[in-house]
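[1] Sequence and predicted structure are below.
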Protein chains: 2
Amino acid sequence: MVSKENPRPGGRSARVQAAVHQAVRDMLASMDRADVTIPLIAQRANVTPSTIYRRWGDLQELLADVAASRLQPETEPAKIGSARADLEAWVEQYADEMSSGVGREMIRDILSVADTATAEKCSGYTQQQLRVLVARAQERGEAFPTFTDLMDHVISPIMYRILFEQAPDAGYIRGLISRLMPQDAAKF
Amino acid sequence: MVSKENPRPGGRSARVQAAVHQAVRDMLASMDRADVTIPLIAQRANVTPSTIYRRWGDLQELLADVAASRLQPETEPAKIGSARADLEAWVEQYADEMSSGVGREMIRDILSVADTATAEKCSGYTQQQLRVLVARAQERGEAFPTFTDLMDHVISPIMYRILFEQAPDAGYIRGLISRLMPQDAAKF
DNA sequence: AGCTAAAAGCAAATAATTTGCGTTAGTGCG
DNA sequence: CGCACTAACGCAAATTATTTGCTTTTAGCT
């Protein structure tokens, strides 16, 4: 619904988008989200409300758009040591970010729009990071879970708990990973 | 936010709640959800809009409330044959229900409200059903996954795929279960 | 530089939400 | 049984958000 690449004739697309996104980020950081409205965002972004309505449709889609752009990772997973150490560090950071107050709000914003494209995009970010870790392990010849197993048996349980129950802790996360590592299989 | 038991002095609570819930269900079944508004619901339920606003707060909370009541299971998991057969049948029916159009909408409604109580309630319904299956297996002395493993490694991946990717198919679901059954462990 | 079309501004019209106040209907007690 | 009490409801006015028709601005193109 937004940011068509290949901008056609008219349109000062980029400027408005940046101003609105910034306004939303500022407001989410400084006030209760229930008080964030499109007229207020428009005022802070120096834009008219109708511009936002025409471009994003409604508040939920705008919030989802902002959340998605905030969830886009800007760096590859850090290189700590072994492939497993990298994985554990990355997943713990992922879980922390997602289970924080703002993280949960972003996920909710993304899931609450009818269009599934934004949710898929965010899942794509996660998948992309995991693929880097998998490739790195393979390159080094270290034993490592498959990409699918990581999605199904590490990411999914973490996300389920964040969405429906309580935020997972570090011990739980290490347990999920451990159960997928071949050398640890005997423990379970 | 709704249905206080132990009704105090005033209040014809139950009648309005039933009428509004019914109106919402009818409307979700017969029209596009984007066109469902509180004034329309109020009209169909023969209630004034302000009653709905005061009682539920906003449309999202009302939809979440209705969705939660629809997701409450009315029966125990069916007894097909072995504990495993019961489990497979129940999980497949769960996945079908959740990945259908209305199922996905209900989940989104539930997750999109700030208050996590409704989401927890729904997860509680799932847990309750699984506990029945676990208890049944134990009673019969059949090998069976633990409750936690079912939540983490069957329900969670299914829900993740429904929310962020494509709906899971029956083969995928059987694979998730299979990997948790002791006698099948060698296959993986 | 001028042309074009998408995007933005503006303002009026419409629709949704909030709110104050009077009324009604369950509940518990005498 | 009827009276008092209180939470929930209805109504309508006020506020706020959203939609829409029309004009103006801007970025890319020739």
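    Perfect, I can see it now.

[2] Could you use CA atoms for every contact and neighbour count after this?
    Noted.

[3] for the strand or helix carrying A:Thr51, packing partners?
    For A:Thr51, the host element (DSSP states H and E) is helix A:49-56. The helices and strands touching helix A:49-56, judged by 3 or more Cα pairs under 8 Å, 6 or more residues apart in numbering or on different chains; DSSP states H and E, are helix A:38-45.

[4] hmm, the helix it packs on in reach of DNA strand D?
    Yes - using Cα under 7 Å from any atom of the strand, helix A:38-45 reaches DNA strand D at A:38-40.

[5] Can you give the contact residues for stretch A:96-113?
    Contact with stretch A:96-113 is made by A:60-61, A:63-65, A:67-68, A:118-119, A:162-163, A:167-168, B:108-109, B:111-114, B:163, as judged by Cα atoms under 8 Å, 6 or more residues apart in numbering or on different chains.

[6] Give me the subset of those that lies in helices.
    Among the contacts of stretch A:96-113, DSSP state H puts A:60-61, A:63-65, A:67-68, A:118-119, A:162-163, B:108-109, B:111, B:163 in helices.

[7] Those: which two are farthest apart?
    For the ones in helices among the contacts of stretch A:96-113, the farthest-apart pair by Cα to Cα is A:Glu61 and A:Ile162; their separation is 21.7 Å.

[8] Of the residues of helix A:38-45 next to DNA strand D, keep whichever come out buried.
    Neighbour-count burial (16 or more other Cα atoms under 10 Å in any protein chain shown) is assigned, among the residues of helix A:38-45 next to DNA strand D, to A:38, A:40.

[9] Spatially, and excluding backbone neighbours, which residue is closest to the most centrally placed residue in chain A.
    Closest residue to the average C-alpha location of chain A: A:Leu71 at 3.4 Å, with Cα atoms, centre = their mean. Leaving aside its sequence neighbours, A:Leu71 sits nearest to A:Cys122 (Cα to Cα, 6 or more residues apart in numbering or on different chains; 6.9 Å).

[10] So which bits of the helix or strand containing that neighbour are buried?
    Following DSSP H and E, one finds A:Cys122 within helix A:117-140. Residues of helix A:117-140 classed as buried by neighbour count (16+ other Cα under 10 Å): A:118-123, A:126-127, A:129-131, A:133-134, A:136-137.

[11] and if you look at stretch A:169-188?
    Applying 16+ other Cα under 10 Å to stretch A:169-188 flags A:170, A:173-174, A:176-180 as buried.

[12] With only the CA atoms kept, save that stretch in PDB.
    Output in PDB follows, covering the C-alpha atoms of stretch A:169-188 (Å, rounded to 0.1, in the frame of the first residue of the first chain):
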ATOM      1  CA  ASP A 169      13.200 -16.300  29.300                       C
ATOM      2  CA  ALA A 170      16.800 -17.100  28.300                       C
ATOM      3  CA  GLY A 171      16.800 -20.500  29.800                       C
ATOM      4  CA  TYR A 172      13.800 -21.600  27.900                       C
ATOM      5  CA  ILE A 173      15.300 -20.300  24.600                       C
ATOM      6  CA  ARG A 174      18.600 -22.100  25.200                       C
ATOM      7  CA  GLY A 175      16.500 -25.300  25.800                       C
ATOM      8  CA  LEU A 176      14.700 -24.900  22.500                       C
ATOM      9  CA  ILE A 177      18.000 -24.500  20.600                       C
ATOM     10  CA  SER A 178      19.700 -27.300  22.600                       C
ATOM     11  CA  ARG A 179      17.100 -29.800  21.600                       C
ATOM     12  CA  LEU A 180      17.900 -29.200  17.900                       C
ATOM     13  CA  MET A 181      21.600 -29.600  18.200                       C
ATOM     14  CA  PRO A 182      22.700 -33.100  17.200                       C
ATOM     15  CA  GLN A 183      25.300 -33.500  19.800                       C
ATOM     16  CA  ASP A 184      22.800 -32.700  22.500                       C
ATOM     17  CA  ALA A 185      20.100 -35.000  21.300                       C
ATOM     18  CA  ALA A 186      20.900 -37.700  23.800                       C
ATOM     19  CA  LYS A 187      20.000 -35.300  26.600                       C
ATOM     20  CA  PHE A 188      16.400 -35.400  25.600                       C
END
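
[13] chain center to that stretch: distance?
    Between the centre of stretch A:169-188 and the centre of its chain there are 24 Å (Cα atoms, centre = their mean, to the nearest Å).

[14] what does stretch A:70-83 give?
    On Cα atoms, centre = their mean, the centre of stretch A:70-83 falls 13 Å from that of its chain.

[15] Any idea how far apart the tips of it sit?
    26 Å (Cα to Cα, to the nearest Å).
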